[in-house]
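Chemist: Would you be able to build a 3D model of this:
(one chain, ligands or ions: 2)
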Amino acid sequence: MTAFPRCLATAAALAFTAALSVATITVPPAQAAAPQARTQAPGFYRMMLGDIEVTALLDGTHPFPVHEVLTGIPMADADTLLAASDLAAPVEGSINAFLINTGTKLILIDSGAGVLYGADGGHLMANLRASGYTPEQVDEIYLTHLHRDHVGGVDQGGRMAFPNAIIRVNRRDADFWLNPANKAKAPAFLGPMFDGAIDSLRAYVDAGRVQPFDGEAQLNPAIQALPSPGHTPGHTAYRVRSRDGQTLLAWGDIVHVAAVQFPDPAATVKYDSDSAAAAQARDRLMAEAVAEGSWVAAAHITFPGLGHVVRRDGRYVWLPANYTTVGLTQAR
Ligand SMILES: [Zn+2]
Ligand SMILES: [Zn+2]
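Modeler: Ligands and ions are numbered 1, 2, ... in the order given. Model prediction:
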């Protein structure tokens, strides 16, 4: 071993110490004061339904004033059910839409609120782009009903947000919400719903791009309309069927507050145009989802609003989708 001259060793140690002290002074502590990001992940989620690609798109979340809006259930009971899911009123509810790529057509089911829910909504377009698509690629838009959190997103400042799309909607909803005479007869709280539907669809109506349908129309080889009136006169669910026979029910506003309406499907909302019919439609579609083992794509169940329904101990239960990445690339 070579002896290191003591004076050089001392000089080296002093230089090291000096360098360390400079470093201590000039480099800020690594974990201090990183600004909080306070943003969420991009709001899209993808799954395959056999040969069909389904993309859930988040338009936003909105505090749902359960105490003012829920009907058909004692509020104490609703609060107990919310507490069982670690929730309390108001419940932050998602606004979801679903992009269906059949392989030959790109179809958007519902469109979010656009500007009509302020900052709580209107994020669908950014999330559509983040998911890898452009609004120009959308061929058709199927609306479950004409409430403004479903139709508002088709409009962009008086112009068509989806310039190549035609819009399909049940004729009963089109006839009801697009007729200003009905607004005059309706309760005041529904007024903004009429205005939202008329304003959002105006450019498409003028261009002849709103094409109402009747009943159980087969709108695409893979997608059939299932009238489920009650929430609105022409409320419609859509059944998507893959070539290998898997099904997905895009069921619109069948459920507003999952923590309450799965255990108690008789709970309704004050926006229902016919409460009894709305409760019947909910029971019917939940029963179909259970019997068929169908996927469900829900407008207001927490994002991405995709899952299954099962029945346990005489009650419906929501089973959210298991997160997938490999399921997108496996051979079909
Ligand atoms: Zn609605
Ligand atoms: Zn809705």
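Chemist: all strands of the stretch 1-150 of the chain, in order?
Modeler: Applying DSSP state E, counting those that start in this stretch to the stretch 1-150 of the chain gives strands spanning 44-49, 52-64, 70-71, 91-101, 106-109, 140-142.
Chemist: With the stretch 151-300 of the chain instead?
Modeler: Going by DSSP E, counting those that start in this stretch, the stretch 151-300 of the chain shows strands at 155-156, 159-160, 166-170, 210-213, 218-220, 223-227, 236-241, 247-250, 268-269, 295-297.
Chemist: now for these, which one comes closest to ligand 1?
Modeler: In terms of CB to the ion, the element of those nearest to ligand 1 is strand 268-269, at 8.0 Å. Where C-beta positions appear, they are placed from N, C-alpha and C, glycine not excepted.
Chemist: Can you give the strand pairings for the closest one, parallel or anti for each?
Modeler: strand 70-71 (antiparallel) (DSSP bridges).
Chemist: List the contacts of the strand it pairs with.
Modeler: Residues outside strand 70-71 that contact it (CB atoms under 8 Å, 6 or more residues apart in numbering) are Ala78, His256, Val257, Val260, Ala267, Thr268, Val269, Lys270, Asp272, Ser275.
Chemist: Could you count how many residues lie near the residue of the chain at minimum distance from ligand 1?
Modeler: The nearest approach of the chain to ligand 1 comes at His147, 3.4 Å away (CB to the ion). By the other CB atoms under 10 Å criterion, the neighbourhood of His147 contains 26 residues.
Chemist: Next one: it relative to Gln246, how far apart?
Modeler: 29 Å (CB to CB, to the nearest Å).
Chemist: same check, this time on Pro221
Modeler: According to CB to CB, Pro221 stands 15 Å off from Gln246.
Chemist: So for the two, which residue has more residues nearby?
Modeler: A count of neighbours by other CB under 10 Å puts Gln246 above the other of Pro221 and Gln246, at 17 against 11.
Chemist: how about Lys105, what does it touch?
Modeler: Asp139, Glu140, Asn220.
Chemist: pLDDT at the second one, what is it?
Modeler: Right, the one you point to is Glu140. Predicted confidence (pLDDT) for Glu140: 98.
Chemist: what do you get for the last one?
Modeler: The predicted structure scores Asn220 at 98 on the pLDDT scale.
Chemist: Beta-bridge partners for it, please?
Modeler: Taking DSSP bridges, one obtains Ile223 as the residues bridged to Asn220.
Chemist: With the second one instead?
Modeler: In this structure, Glu140 has the following beta-bridge partners (DSSP bridges): Ile107, Ile166.
Chemist: so how far is Ser111 from it?
Modeler: Taking CB to CB, one finds Glu140 at 12 Å from Ser111.
Chemist: These two - which one has more neighbours?
Modeler: More neighbours surround Ser111 than the other of Glu140 and Ser111, with 29 against 21 (other CB under 10 Å).
Chemist: The closest residue to Ala89 other than its chain neighbours: neighbouring residues, count only.
Modeler: Counting by CB to CB, 6 or more residues apart in numbering, Ala89 lies nearest to Val66, which is 3.9 Å off, once chain neighbours are set aside. Neighbour count of Val66, defined by other CB under 10 Å: 24.
Chemist: shift numbering so it begins at 29
Modeler: I'll keep to 29 as the first residue from here, and by that count the last item is Val94.
Chemist: Surely Val94 touches Val288?
Modeler: Yes - the pair Val94 / Val288 is scored as a contact, 7.5 Å apart, by CB atoms under 8 Å.
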